[in-house]
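S.K.: I need the structure of the sequence given here:
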Amino acid sequence: MKSTIKILALIIVSLLLLASCSNDKYQNAMDKGIESLIVKDYHQAAIYFEIALKEKAGDEDASSYFDQATQMKNALSAYEQKQYDSAIDSLNTVMNHRNGLKTLQSEAKSLRDLIHSDQSITASFQKDLDLVKSLITKESYNLAEEKIQLLQKDIETNKVLADYQSEVTKLSVQVTVALTTNEPVLQQNETGNNEVKSNSKKNKKKKTETFKYRSYENDRFGFSMQYPEGLKMDTPPTNGDGASFYNAEFEVTAYGGHTNTVNEGESIETYYQEEINSIPGQIAYQKFTDDWYVVSYEENGQIFYNQFFFGQEIFNKFSISYPANRQDQYGPVTTYIAKTFAPSAQ
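M.R.: Just a heads-up that it's a prediction; the model follows:
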């Protein structure tokens, strides 16, 4: 009889110890889950609350916190991928959870408000972007250039618009290239230096940005060009085929050469195809004619603009490069150089 009582007592003690151990594991998991929520590590919090549920199946608090943490994790992931509708669905679940944590519900509301703001910003930006495309189609390049400058400023001040940078840069390059044969008005200032001023009526209402230029003439191949006054001239090559001018951001190189030196019967298409095949990135603009071509592209945050002139005996070429985020400043410079470049190849 006494032995039976001892056995029962041991069983009871064991059960109490197991229950105590289980409660310790549960509470430890819940505490760590809350700590993870404080630092907004929702993924790790969900793991701890799942452990708590295994220790105490059906526990209402652990179940609610696990669901909220999981939904917050999903919402953040969707937001980072700009899947806004999916993110908002997850956040609404967090906010509407009957037994959820109030702090998580508050965080969910803040994120949802941010998403709504981002949606409004991107919708407005997309509308303006579509307007620029329409202006380009209508060949209203000066007005398109103004709108692109505003879009670029929006991108610089709103991180949510960063993904639009590539598209805006391509449109900017298209406008710059179009203006090289269309819009700029060349005038003389009081000192005799050339200036570029837009003939857009709207631009006349604003302070016009001007650029002073110097002339360069190549004695060997007979071409000439204008380049911004503040650029440094690189050491000219000993064969006198051209020159390079640069500053910390902008560089223009112009040179000439003889045609039909590699293969007999070379044509402008020979050079054009060779250039197209050498470009590693996506081409933003290209135009091919009987005696010249233009190719422009962006690579690693740099815009490259190349124009080539073909003659029966010689060719002329100039190349320009500058940071894509400086299009507002160097786009007009590129327009002016292209407009005033005087090739000898014909």
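S.K.: can you map out the strands along the stretch 101-250 of the chain?
M.R.: In the stretch 101-250 of the chain, the strands defined using DSSP state E, counting those that start in this stretch lie at 185-188, 194-197, 213-217, 224-228, 232-233, 242-246.
S.K.: Lowest average pLDDT across these?
M.R.: Of all these, mean pLDDT reaches its minimum on strand 185-188 (a mean of 33).
S.K.: Over to His97. Which of the three states is it?
M.R.: coil (DSSP: H, G, I helix; E, B strand; the rest coil).
S.K.: How about Glu60, nearest residue that isn't a chain neighbour?
M.R.: Asn99 (5.8 Å; CB to CB, 6 or more residues apart in numbering). Heads up, the C-betas are built off the backbone N, CA and C, glycines and all.
S.K.: Backbone torsions only: list them for that neighbour.
M.R.: The main-chain torsion angles of Asn99 are listed as degrees, to the nearest 10 and equal phi -110, psi 20.
S.K.: What's the separation between it and Tyr84?
M.R.: 27 Å (CB to CB, to the nearest Å).
S.K.: More neighbours: the two, which one.
M.R.: A direct count of neighbours by other CB atoms under 10 Å for Asn99 and Tyr84 places Tyr84 higher, at 16 against 11.
S.K.: contacting residues for the nearest residue to that one once chain neighbours are set aside?
M.R.: Setting aside the residues directly before and after it, Tyr84 is nearest to Ile115 in space (CB to CB, 6+ apart), at 5.3 Å. With contacts taken as CB atoms under 8 Å, 6 or more residues apart in numbering, Ile115 has the following neighbours: Tyr79, Tyr84, Ala87, Ile88, Leu91.
S.K.: How about the contacts made by the second one?
M.R.: Put plainly, it is Tyr84. So, once contact is read as CB under 8 Å, 6+ apart, Tyr84 ends up touching Ala78, Ile115, Asp118, Gln119.
S.K.: hang on, Phe315 packs against Thr261?
M.R.: No. With contact defined as CB atoms under 8 Å, Phe315 does not reach Thr261; the gap is 10.2 Å.
S.K.: Mind checking which of those two has more residues around it?
M.R.: Set Phe315 next to Thr261 and count neighbours by other CB under 10 Å: Phe315 wins out with 24 against 8.
S.K.: and that one, how far is that from Met72?
M.R.: With distances taken as CB to CB, Phe315 is found 62 Å from Met72.
S.K.: One more: Glu269?
M.R.: 59 Å.
S.K.: what about the helices in the stretch 1-150 of the chain?
M.R.: For the stretch 1-150 of the chain, applying DSSP state H, counting those that start in this stretch gives helices covering 2-38, 42-55, 60-80, 84-95, 102-137, 141-157.
S.K.: name the helices or strands packed onto the last one?
M.R.: Helix 141-157 sits against helix 102-137, helix 165-179, helix 327-340, with contacts defined as 3 or more CB pairs under 8 Å, 6 or more residues apart in numbering; DSSP states H and E.
S.K.: any low-confidence regions in the stretch 1-150 of the chain?
M.R.: Confidence mapping of the stretch 1-150 of the chain against pLDDT under 70 gives the ranges 1-22.
S.K.: try the stretch 201-346 of the chain
M.R.: Using pLDDT under 70 as the threshold, the predicted model of the stretch 201-346 of the chain has low-confidence ranges 201-210, 262.
S.K.: mind running it again at 80?
M.R.: In the predicted model of the stretch 201-346 of the chain, residues 201-211, 260-265, 281, 346 satisfy pLDDT under 80.
S.K.: Tell me where it has helices.
M.R.: For the stretch 201-346 of the chain, applying DSSP H, counting those that start in this stretch gives helices covering 268-278, 327-340.
S.K.: Distance from the longest one to the middle of the chain?
M.R.: The one in question is helix 327-340. When distances are taken as CA atoms, centre = their mean, to the nearest Å, helix 327-340 is centred 22 Å away from the chain's centroid.
S.K.: how does this structure divide into domains?
M.R.: For the chain, whose domains are defined here by automatic domain parsing, the residue ranges read 25-138, 178-340.
S.K.: do you know which of these lies nearest Ala144?
M.R.: domain 25-138 (3.9 Å; CB to CB).
S.K.: Phi and psi next, for Gly301.
M.R.: Its backbone dihedrals place Gly301 at phi 80, psi 10, with angles given as degrees, to the nearest 10.
S.K.: Run through the residues that contact it.
M.R.: With contacts taken as CB under 8 Å, 6+ apart, Gly301 has the following neighbours: Pro323, Ala324, Asn325.
S.K.: And it, how far from Ser166?
M.R.: 10 Å.
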